[in-house]
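Asker: requesting a structural model of the entry that follows:
(one chain, ligands or ions: 1)
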Amino acid sequence: MCGIIGHVGDGDALETLLTGLENLEYRGYDSAGVAVQNGSGIAVQKRSGKVDELKDAVSDVSLEGDVGIGHTRWSTHGPPTDENAHPHTDCTKDVAVVHNGIIENYAELKAWLRDRGHEFTSDTDTEVIPHLIQYYLDDGMTDEAAFRRAIDELEGSYAVAAMLSGEHVLYAARKGSPLVVGIEDEEFFLASDVPAFLEYTDSVVYLEDGDVVVVDGDGVEFTDLDGDPITREPETVDWDPEQAGKGEYEHFMLKEIHEQPTSLAQAIEGRIDPETERISLDGFDPGTFEHVDAVQLVACGTSYHAALYGSLALNQAGVQATALLANEYSVVAPPVDDDTLVVAVSQSGETADTLSALRQANRRGADTLTITNVVGSTAAREADDALFIRAGPEIGVAATKTFSSQAVMLTLLAQRIAADACGHVPADLESLLPDIGKMPDAIDGLLEESAADAIARDYLDSESFFFIGRGLGYPVALEGALKFKEITYEHAEGFASGELKHGPLALVTRETPVFAIFTGQEDEKTLKNAEEAQTRGAPVIAVCPDDHRAVEVADDHLTIPDVDSELAGLLANVQLQLVSYYAADLLGRPIDKPRNLAKSVTVE
Ligand code: F6R
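Answerer: Model (predicted):
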């Protein structure tokens, strides 16, 4: 969703704010703005469009000062215009506010403030916040009391940072939207996410819901909503700034695709021992899942595809499991009891739909677990337990390396739950664990030899792109299509291969290339389904090992190393990530920031 940055310290705030906004642009990129405390008050600059446009706008104005706030927006209330960009100010321009989240009662608050003479200049829900602060200041409250009182009036979700004219202070509060504090000697940062200030400090405090902070040049005061002091200890994040930069790559997405050998190695490190066939999941001793008789996995988008992958792995291991779209969970959730484990799968750990499903599961008494990439995320804090995928920061809006790590973690979890709950070690563990250990090298080799760029070029002019797979190849087909449509803006669909003949075949022509994923699970049937499309003119691109029979039948071929059928789909997925990337690059799309999307969707 939106990205917030704040800075208090001795240095020049503007440079820090602009760097932070560039680092946060993956959270929203339809408008951006900054407010800096200068000698005569608060100076604001904001623009619709990307951070680069804001940088042009600030290049010829004076915005000097060591306290400031900035924002990059993904619109919810009102179109992406200059007026709707944050920071928002009150009538006197003495209060500036940036906000991420949704103020549900903004219409009532706006009407109430209008009745008291306040004039609004934007369509946003956020603008009520500086006006409320101003109202309470006019009423005689101190700055801090006015901020607290305004926050108290808000219903909905928010991460808010506010600055008041003449004060060397930032006020901030969080409920339902992420906010972290960065600390480096006498320099302090506020941000929606750690990469915003990673080049300045790795010492962070993740705020919790209900936290209010007052940051000045001397330190940070952590309190609850009533103003009572609370303790929040800084943590050191082990992401380095280089990980959060593009390095030698033109796009974050390509970099993150190429990081998969490393991110997977990190995911499995210390968690598998192929020799003893042991899986050690941090803090989950053998027997932890003994009582589990059903698993529900909830997630959205790419994480849902990983969840589906996990549910099939669980089913294959003999455990009853269902993957559900988190945004449907409130309507369609199957019954839960004490023996149900609900697993929320979320890269960011901040997706509102997934958090809502997680909270529902908590309320209904299920055991909950999250599989996430972000240690201090809301999901990690609200689930009973967390398993971290250790993928490092993922900046490209299209999820790539985190999908692979989620799917591998879920594969390991499936084996552990099966061993605990069903009392048997699945028969294929002997081959599965060594193959998991070989995945980083397998991906490395695949990346070096991939023909994905040529395939993308050859089929670029097609009308529509189909992806088919069976068993564990099915979630990969869905993910292949999602990635393709997300970054190329071309039409793409994923199907269970056997479903093609039940309707979609009507769409098949020579203009609809079919990417067929072979995982070693009933491949003969998948090949037959691919041939049914080929007979009707569609070119077939087989994604399979070199010596697979499909290579002879298909029009083209993307090769994957021969591995256990539980892992083959993940290698196929890497090839499909590359096809999407190269197709989008040839089409000149803004690959890391596809239109209308944002990395972390913190509204339902
Ligand atoms: C697509 C993509 C999204 C996310 C979805 C859930 O490439 O990244 O579909 O997977 O918004 O996000 P998380 O995993 O953060 O819950």
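
Asker: find the nearest non-adjacent residue to whichever residue of the chain sits closest to the ligand, please.
Answerer: The chain approaches the ligand most closely through Gly301 (1.8 Å), counting by C-beta to the nearest ligand atom. C-beta coordinates here come from the backbone N, C-alpha and C atoms, glycine included. Leaving aside its chain neighbours, Gly301 sits nearest to Leu482 (6.8 Å; criterion: C-beta to C-beta, 6 or more residues apart in numbering).

Asker: go ahead and confirm the one you found touches Ser303.
Answerer: No - if you go by C-beta atoms under 8 Å, Leu482 and Ser303 don't touch, sitting 10.9 Å apart.

Asker: looking at the two, which one has more neighbours?
Answerer: Using other C-beta atoms under 10 Å, the more surrounded residue of Leu482 and Ser303 is Ser303, with 26 against 22.

Asker: and the spatially closest residue to the more buried one that is not a sequence neighbour, how many neighbours?
Answerer: Sequence neighbours aside, Val345 is the residue nearest to Ser303 in space, at 4.6 Å (criterion: C-beta to C-beta, 6+ apart). A count of nearby residues for Val345, using other C-beta under 10 Å, gives 35.

Asker: can you check Asp123 too?
Answerer: 13.

Asker: ok, it to His131 distance?
Answerer: Asp123 sits 14 Å away from His131, taking C-beta to C-beta, to the nearest Å as the criterion.

Asker: same question, Asp562
Answerer: From Asp562 to His131 the distance is 64 Å (C-beta to C-beta).

Asker: looking at those two, which is more packed in?
Answerer: His131 (25 against 15).

Asker: OK, contacts around the closest residue to Gly28 other than its chain neighbours?
Answerer: Spatial nearest neighbour of Gly28, excluding adjacent residues (C-beta to C-beta, 6+ apart): Trp74 at 3.0 Å. Going by C-beta atoms under 8 Å, 6 or more residues apart in numbering, Trp74 touches Met1, Cys2, Arg27, Gly28, Tyr29, Asp30, Ala598.

Asker: now rank those by neighbours and give me the top one.
Answerer: Arg27 (31 neighbours).

Asker: quick check: that one vs Gly480, distance?
Answerer: 25 Å.

Asker: that older thread, for the residue of the chain closest to the ligand, grab the count of nearby residues.
Answerer: Neighbour count for Gly301, taken as other C-beta under 10 Å: 23.

Asker: quick one: low-confidence ranges for this structure?
Answerer: Within the chain, the ranges that satisfy pLDDT under 70 run 1, 425-427.

Asker: how is the most far-flung residue of it relative to its centre assigned, secondary-structure-wise?
Answerer: Distance from the C-alpha centroid of the chain, by C-alpha atoms, centre = their mean, peaks at Gly140 (42.4 Å). Classification of Gly140 using DSSP: H, G, I helix; E, B strand; the rest coil returns coil.

Asker: go on, Arg174?
Answerer: Once three-state DSSP is applied, Arg174 turns out strand.

Asker: who are the neighbours in contact with it?
Answerer: So Arg174 contacts Tyr158, Ala159, Val160, Leu207, Glu208, Asp209, Gly210, Asp211 (C-beta under 8 Å, 6+ apart).
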